[in-house]
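Peer 1: Got a predicted model here, sequence first, then my questions.
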Amino acid sequence: MIHQDIHFDTPHTRTIHSAVEALEKGGSIIYPTDTVYGIGCSIYRKSAIERLYKIKGKSKFDPMSLICNSIQQAAEYAQISNTVFRILKRCFPGPYTVVLPAKHGIAKLMLSRQKEIGIRIPDSPVCQMLVEGLGHPLLNTSVNVFFDEDWFDEGEDTEKFLDFAEIFLDAGPLPESRESTVVKIHDHEIEILREGKGDPEVLFY
């Protein structure tokens, strides 16, 4: 694994480019989001997706989320009505995961039993630049990286992810590190699945 320091707000283009190259070759990378660190791969690399599910200990019926760089891009993969669009405008970019009905053509491996997909648009320049460079979303799941004064605590869970990823984009401890608020929108009804960093009240304004 290659460890590269990166500035959270002003990431260096060359560092992003090397990470994008790894993704294009079917690799996985660890990167900072606006919640916790994520680990992800290209949505068009089946072998990388399968390896990511294996290392995360998830089944194919326990879906991850897509990191997109805009609602318009998310609309290529999820069904977004005008009403849902207005809701998403209130929470993105931000610390939310929104579960929506998936469009046809999404790989079954990335879908829930209900054919739904989670959408993330983090308020993170690193994530935005990765997706822009890749040209399509990242398949994403969270990874626990516990930092100490030296670097990070290589606990068992942390170590297995670091061994798995080709590149770790290290921005240091993240401010207010907490997982995203997860909501499901179905037939314009909003269901809070997990309260996290994002304020759920934003969704109901």
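Peer 2: Yep, that arrived.

Peer 1: ok, V98 - contacts?
Peer 2: Contact analysis of V98 by C-beta atoms under 8 Å, 6 or more residues apart in numbering lists 87-88, 91-92, 118-119, 182-185. The way it works is simple: take the backbone N, C-alpha and C, and place the C-beta from them, glycine included.

Peer 1: what's the answer for I2, then?
Peer 2: When contacts are counted by C-beta under 8 Å, 6+ apart, I2 touches 18, 166-168.

Peer 1: if we go to 7 Å?
Peer 2: Contacts of I2 were listed using C-beta atoms under 7 Å, 6 or more residues apart in numbering, and they are 166-167.

Peer 1: Next one: it from K89, what distance?
Peer 2: Using C-beta to C-beta, to the nearest Å, I2 is found at 37 Å from K89.

Peer 1: same check, this time on P32
Peer 2: The gap separating P32 from K89 is 24 Å, by C-beta to C-beta.

Peer 1: Look at these two and report which has more neighbours.
Peer 2: Neighbour totals were compared for P32 and K89, and P32 leads with 25 against 9 (other C-beta atoms under 10 Å).

Peer 1: I figured that one hits D123, correct?
Peer 2: No. Using C-beta atoms under 7 Å as the test, P32 is too far from D123 to be in contact (11.2 Å).

Peer 1: one step back: return the member of the contacts of V98 nearest to F8.
Peer 2: Checking the contacts of V98 against F8 by C-beta to C-beta gives F92 as the nearest, at 18.4 Å.

Peer 1: Please give me every residue in contact with that closest one.
Peer 2: Contact analysis of F92 by C-beta under 7 Å, 6+ apart lists 71, 121.

Peer 1: try it again with 8 Å
Peer 2: 71, 98, 121.

Peer 1: how close does the second one get to G118?
Peer 2: Using C-beta to C-beta, one obtains 7 Å as the distance from V98 to G118.

Peer 1: Overlap in contacts, those two.
Peer 2: Residues touching both V98 and G118 (C-beta under 8 Å, 6+ apart) are V182.

Peer 1: So in terms of bridging, what pairs with the most centrally placed residue in the chain?
Peer 2: Taking C-alpha atoms, centre = their mean, the centroid of the chain lies closest to N140, which sits 3.6 Å from it. When assigned by DSSP bridges, N140 has beta-bridge partners G40, S65.

Peer 1: Let me know whether it touches S65 as I believe.
Peer 2: Yes. With contact defined as C-beta atoms under 8 Å, N140 reaches S65; the gap is 5.2 Å.
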